[in-house]
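Trainee: how does the following fold in three dimensions:
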Amino acid sequence: MARVSSQDLGSQPIGKILIKQAIPASIGVLVMSLNILVDTIFVGHWIGSTAIAAINVVLPVSFFIAALGMAIGIGGSSIISRALGADSPDKALNTFGNQITLTVLLTVTLAVIGLIYKDAIILSFGGKGAIFEPAKIYYTIVLYGVPFLALSMMGNTVIRAEGKPKFAMYAMMIPSVSNLVLDYIFINVLDFGMEGAAWATSISYILSFSFILWFFISKNSELKINATHFGLNPSIVSEIGSLGFVTLARQAVVSITYLFMNNILFDLGGETSVTAYAIVGRMLMFAMFPVLGVTQGFLPIAGFNYGAQNYDRVRQSINTAIKYAAILSTFIFIILMIFPEAITRMFTTDLEVIKQTPSDMRWVFAATPIIAVQLIGAAYFQSIGKAIPALLLTLTRQGFFFIPLILILPKFYGELGVWISFPISDVLSTIVTAYFLNKEVKTNLMNQSV
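Mentor: Purely as a prediction, here's the structure:
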């Protein structure tokens, strides 16, 4: 099996290969984030600010189901990267086949359950008052497309594990561009309202899946599986599960965070505060695209070289990724501290939302320059197959610090307590991650260097 592209991960200079991996990943995340950003702008101006809040209620549910695909993808891709580095193509093929089977079984089942209990789920995630009806419309239609999104997210990580970041970038760009075009047609031209926004989203997921399916059946992919690879192998499923659970747990905590945030903010400030959080949340997805691109580019490099027992290159990749991500996150911090009101006005003309959101945005991004250590540190342990430290570090920010803080601080500081929880949890989780990452490098990578 030809492995020219994947072998580049172990031979090209770290800075060069990281840029080669990170730029397409960043562009892909950028386009996907722009899609969410512009989608929110379209909805806010063409439907209303309540529609923004409605989508914010639906996102954690749909993204959690889709995150199963990402979890299976990242867990399996860690195995694939290390298998390619260790020259074990059969294990890579079996892993990919198992990923497909698991993704289909789990996401379709959850989507069906989600549709059966949709009213209760929407209410529990903060879809109250005027938010409920538009949220229900959007939720119902989007869940039809979620299994396709899950398969796309799974396939995207495998494409990256093969060392083909440009195709992974295209896979992310297709749904983003198509969603914006369909938004314009369905919402602005045909006046379908929330139904139009939802159908545009679901159709874009299907288009992304179609491209990824084409990639794997064409000559571009190194992974040519057959029917025998789809049968679930207990040992592979267990390894995918242990590593993928890290990603799934992270998304579960994100969904729980949305649940708490939407309900707490609704009680403290009504629809205006929920809308402000929705806008800030979109900026969290959008503004961090270059840092997330570096993190995604780092994963296959660290995994491949760890599998090849080239520990010097693993250390180099950690240091280089942190340096690049820190520079980018500092730039993002500066922009968001200077222009929060202008950014808010892009989303809405609601004066109450415009008045509240800028200060909230500044608090949320206050510790952005230091988060590179937390992101790269957690990603490192996942890339090398160490599931438990990867899980604990991934959950540190939101699970161990942020959620307890938003339950405690508002009792003393009101709504301000919600927003200051963001930088406090960023600082604490970065300190914890830095300690464990430094310990790992000194005790394992340094001692095992060859």
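
Trainee: longest helix in the chain, by residue count?
Mentor: helix 234-287 (DSSP state H).

Trainee: helices and strands around the helix or strand that comes right after that one, which ones?
Mentor: Downstream of helix 234-287, the first helix or strand assigned by DSSP states H and E is helix 289-307. Contacts defined by 3 or more C-beta pairs under 8 Å, 6 or more residues apart in numbering; DSSP states H and E place helix 289-307 against helix 4-11, helix 14-46, helix 49-85, helix 132-161, helix 311-338, helix 371-383. Every C-beta, even on glycine, is put in place using the N, C-alpha and C of the backbone.

Trainee: I'd guessed F402 sits against S425; true?
Mentor: Yes - assessed by C-beta atoms under 8 Å, F402 is found in contact with S425 at 3.9 Å.

Trainee: for stretch 71-85, the distance to its chain's centre please.
Mentor: Relative to its chain's centre, stretch 71-85 lies at 17 Å (C-alpha atoms, centre = their mean, to the nearest Å).

Trainee: likewise stretch 188-197?
Mentor: Centre-to-centre, stretch 188-197 and its host chain are 27 Å apart (C-alpha atoms, centre = their mean).

Trainee: now swap in stretch 60-70 and tell me
Mentor: When distances are taken as C-alpha atoms, centre = their mean, stretch 60-70 is centred 9 Å away from the chain's centroid.

Trainee: neighbouring contacts of that stretch?
Mentor: Stretch 60-70 is contacted from outside by 103, 106-107, 110-111, 114, 121, 125, 139, 142-143, 146-147, 149-154, 157, 247-248, 250-252, 254-255, 257-259, using C-beta atoms under 8 Å, 6 or more residues apart in numbering.

Trainee: now do the helices in the stretch 351-450 of the chain.
Mentor: Using DSSP state H, counting those that start in this stretch, the helices found in the stretch 351-450 of the chain span residues 351-364, 371-383, 387-395, 403-408, 410-413, 415-440, 446-448.

Trainee: from the contact counts, what lies against the longest one?
Mentor: It stands for helix 415-440. Helix 415-440 makes packing contacts with helix 234-287, helix 351-364, helix 371-383, helix 387-395, helix 403-408, helix 410-413 when contacts are defined by 3+ C-beta pairs under 8 Å, 6+ apart.

Trainee: what about W199, neighbour count?
Mentor: Around W199 there are 21 other residues, counting by other C-beta atoms under 10 Å.

Trainee: that one contacts I141, correct?
Mentor: Yes - taking C-beta under 8 Å as the definition, W199 is a contact partner of I141 at 5.8 Å.

Trainee: hmm, back to that, mean pLDDT for the helices and strands packed on helix 289-307: which is lowest?
Mentor: Among the helices and strands packed on helix 289-307, helix 4-11 carries the lowest mean pLDDT, a mean of 56.

Trainee: what is the rounded mean pLDDT of stretch 282-297?
Mentor: Averaging pLDDT along stretch 282-297 yields 79.

Trainee: so for that stretch, first residue to last residue, what's the gap.
Mentor: 22 Å (C-alpha to C-alpha, to the nearest Å).

Trainee: list the buried residues for it?
Mentor: For stretch 282-297, burial by neighbour count (16 or more other C-beta atoms under 10 Å) applies to 282-283, 285-297.

Trainee: ok, so of the residues you listed, who is nearest Q99?
Mentor: Among these, Q296 lies closest to Q99 (C-beta to C-beta), at 17.2 Å.

Trainee: now the closest one: how far from M153?
Mentor: 12 Å (C-beta to C-beta, to the nearest Å).

Trainee: ok, K118 next?
Mentor: The spacing between K118 and M153, counted by C-beta to C-beta, is 22 Å.

Trainee: just E271 next, same as before
Mentor: 31 Å.

Trainee: out of the two, which sits in the busier spot?
Mentor: Between E271 and M153, counted using other C-beta under 10 Å, the more crowded position is M153 (28 against 21).

Trainee: for the more buried one, give me its contacts.
Mentor: M153 sits next to 66-67, 69-70, 73 when contact means C-beta under 8 Å, 6+ apart.

Trainee: how about Y380?
Mentor: Shown in contact with Y380 (C-beta under 8 Å, 6+ apart): 298, 302, 318, 437, 440.

Trainee: report the two of the residues you listed separated the most.
Mentor: Among those, F298 and E440 lie farthest apart (C-beta to C-beta), at 14.8 Å.

Trainee: ok and the helix or strand hosting R345 relative to helix 234-287, angle-wise?
Mentor: Here R345, judged by DSSP H and E, is contained in helix 340-347. With axes from the mean of the first three to the mean of the last three C-alpha atoms, to 10 degrees defining the directions, helix 340-347 sits at 110 degrees from helix 234-287.

Trainee: using CSV, list the CA coordinates for helix 340-347.
Mentor: What follows is helix 340-347, C-alpha atoms only, in CSV (Å, rounded to 0.1, in the frame of the first residue of the first chain):
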residue,chain,number,x,y,z
PRO,A,340,-16.5,43.9,20.5
GLU,A,341,-19.3,46.3,19.7
ALA,A,342,-18.7,46.4,16.0
ILE,A,343,-18.7,42.6,16.0
THR,A,344,-22.0,42.5,17.9
ARG,A,345,-23.6,44.9,15.5
MET,A,346,-22.9,42.4,12.7
PHE,A,347,-25.4,40.0,14.2
